[in-house]
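Colleague: No sequence on hand, only this structure:
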């Protein structure tokens, strides 16, 4: 199966099964697709790209986080075959890179993990002269706290965590984190993320704390609350929360706005809310890990993803808020004015980006391990 066939098959599968599971229908043998490791056919086309490197690139990405034809279009324009592997959490991505780069050229960590990877020397500085499409990025996403001046990363999306829910299954709009973290009302019908930091920080947000002013005492308080709530939680999902909601396995899920926006196009009984206490914002980013075998191809690929038309096609598929101003300008009004994708200003004012805290991170992970084992 070649890359073009792979994309055609993906489009067909998308019509019949959920987005999170559509790639699983292909199996790990499909060219350009694998789970948890490099694609089976990582040898590329066997030729040489215009960069002078082997005409291949290994991309480690979240599931359902690329346009339907993006990889094929890049292969056609550049002659570079992209082998895309999938990870489910930032924790998984970090552990994989910390163990030694297995051959990845471009990765997509979230903002706090960009900061963490910079400190751990896991990602390399970018040559911005090779990324002229950086000019398409909204200036507010350039000088960010976790990577000032974008020395190590380029913005891919931004996103907000909230509650995806089935309208017919809830007694009222679930506009408080209480329904997920501190209530038996929807026992057995709740799915939470499986990322330690996100769950602990949002639990703290519910209890009235900033996600960036957490102490060991607050972590202990959140842990106790979550252990009490554990019998009411059906599962901690591995980046497939919207599939669980779409299939009816759960009625409420802690998820990202873009993921829920995707399935809202398939089921009008599904909605999304940012709770009144506020939430956590994330930004996913394009980075080149230390030891990337094809760094010049990686710069070319990142530059391609920041092209206005390419960014538009990606955004049409994944339905996440885009920091690419040129791409956003090409999108229709029903995207630009969608309150799920772009939450109202009053709610955004209560949301925060989380900073990486080296002292607290192991405490998050230890508490979360105990919560899951309870």
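Modeller: Yep, that arrived. As the structure is a computational prediction, the values presented were derived from the model and not from experiment. Residues are numbered from 1 along each chain as shown.

Colleague: can you give me how far the helix or strand hosting residue 234 is from the chain middle?
Modeller: Per DSSP states H and E, residue 234 falls inside strand 233-237. Centre-to-centre, strand 233-237 and its host chain are 18 Å apart (C-alpha atoms, centre = their mean, to the nearest Å).

Colleague: Give me the residues contacting that strand.
Modeller: 188-194, 199, 244, 249-250, 253, 372 (C-beta atoms under 8 Å, 6 or more residues apart in numbering). The way it works is simple: take the backbone N, C-alpha and C, and place the C-beta from them, glycine included.

Colleague: tell me the strands in the stretch 51-200 of the chain, going along the chain?
Modeller: Along the stretch 51-200 of the chain, counting by DSSP state E, counting those that start in this stretch, strands occupy 56-62, 81-87, 106-107, 154-166, 190-193.

Colleague: Same list (those) but as TSV, adding distance to residue 94, mean neighbour count and mean pLDDT.
Modeller: Converted to TSV, the strands of the stretch 51-200 of the chain look like this (distance: least, C-beta to C-beta, whole Å; neighbours: other C-beta atoms under 10 Å; pLDDT from 0 to 100):
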stretch	distance to residue 94	mean neighbour count	mean pLDDT
strand 56-62	11	25	97
strand 81-87	10	25	96
strand 106-107	10	27	98
strand 154-166	17	24	97
strand 190-193	15	24	97
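
Colleague: Show me where the stretch 101-250 of the chain dips below the pLDDT cut-off.
Modeller: Counting by pLDDT under 70, the stretch 101-250 of the chain contains no low-confidence residues.

Colleague: can you give me the helices in it?
Modeller: 111-119, 178-181, 196-206, 216-229, 241-247 (DSSP state H, counting those that start in this stretch).

Colleague: mind listing the strands for the stretch 201-350 of the chain?
Modeller: Going by DSSP E, counting those that start in this stretch, the stretch 201-350 of the chain shows strands at 233-237, 252-256, 270-273, 280-286.

Colleague: closest to residue 139 out of those?
Modeller: Across the strands of the stretch 201-350 of the chain, residue 139 has its closest neighbour in strand 280-286 (14.3 Å, C-beta to C-beta).

Colleague: which parts of stretch 129-145 are buried?
Modeller: By 16 or more other C-beta atoms under 10 Å, the buried positions in stretch 129-145 come out as 131, 133-134, 136-137, 141, 144.

Colleague: from those, which single one is nearest residue 224?
Modeller: Once C-beta to C-beta is applied, the member of the buried residues of stretch 129-145 that ends up nearest residue 224 is residue 144, at 33.9 Å.

Colleague: looking at it, the closest one is touching residue 137, isn't it?
Modeller: No. Using C-beta atoms under 8 Å, residue 144 makes no contact with residue 137, being 10.7 Å away.

Colleague: Next, show the common contact partners of these two.
Modeller: residue 155.

Colleague: was I right about residue 207 contacting residue 224?
Modeller: No. Applying C-beta under 8 Å, one finds residue 207 not in contact with residue 224, separated by 10.8 Å.

Colleague: So for the two, which sits in the more crowded spot?
Modeller: Per other C-beta atoms under 10 Å, whichever of residue 207 and residue 224 has more neighbours is residue 207, with 16 against 12.

Colleague: check contacts around that one.
Modeller: By C-beta under 8 Å, 6+ apart, the contact list for residue 207 reads 218, 221-222, 225.

Colleague: Residue 307 contacts residue 136, doesn't it?
Modeller: Yes. Contact status for residue 307 versus residue 136: in contact at 7.3 Å, counting by C-beta under 8 Å.

Colleague: Could you report the distance from the residue lying farthest from the centre of the chain to residue 210?
Modeller: Distance from the centre of the chain peaks at residue 47, with 32.1 Å (C-alpha atoms, centre = their mean). Noted for residue 47: a distance of 52 Å to residue 210, by C-beta to C-beta, to the nearest Å.

Colleague: How about residue 301?
Modeller: 36 Å.

Colleague: okay, these two: which has more neighbours?
Modeller: residue 301 (23 against 13).

Colleague: from memory the more buried one sits against residue 61, does it?
Modeller: No. In this structure residue 301 lies outside contact range of residue 61 using C-beta under 8 Å: 11.2 Å.

Colleague: just to revisit the earlier point, okay if I get the helices of the stretch 101-250 of the chain as CSV plus distance to residue 285?
Modeller: Output for these, formatted as CSV (distance: least, C-beta to C-beta, whole Å):
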stretch, distance to residue 285
helix 111-119, 5
helix 178-181, 27
helix 196-206, 16
helix 216-229, 26
helix 241-247, 21
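
Colleague: if we compare the ones you listed, which one ends up closest to residue 294?
Modeller: Comparing these by C-beta to C-beta, helix 111-119 comes nearest, at 18.8 Å.
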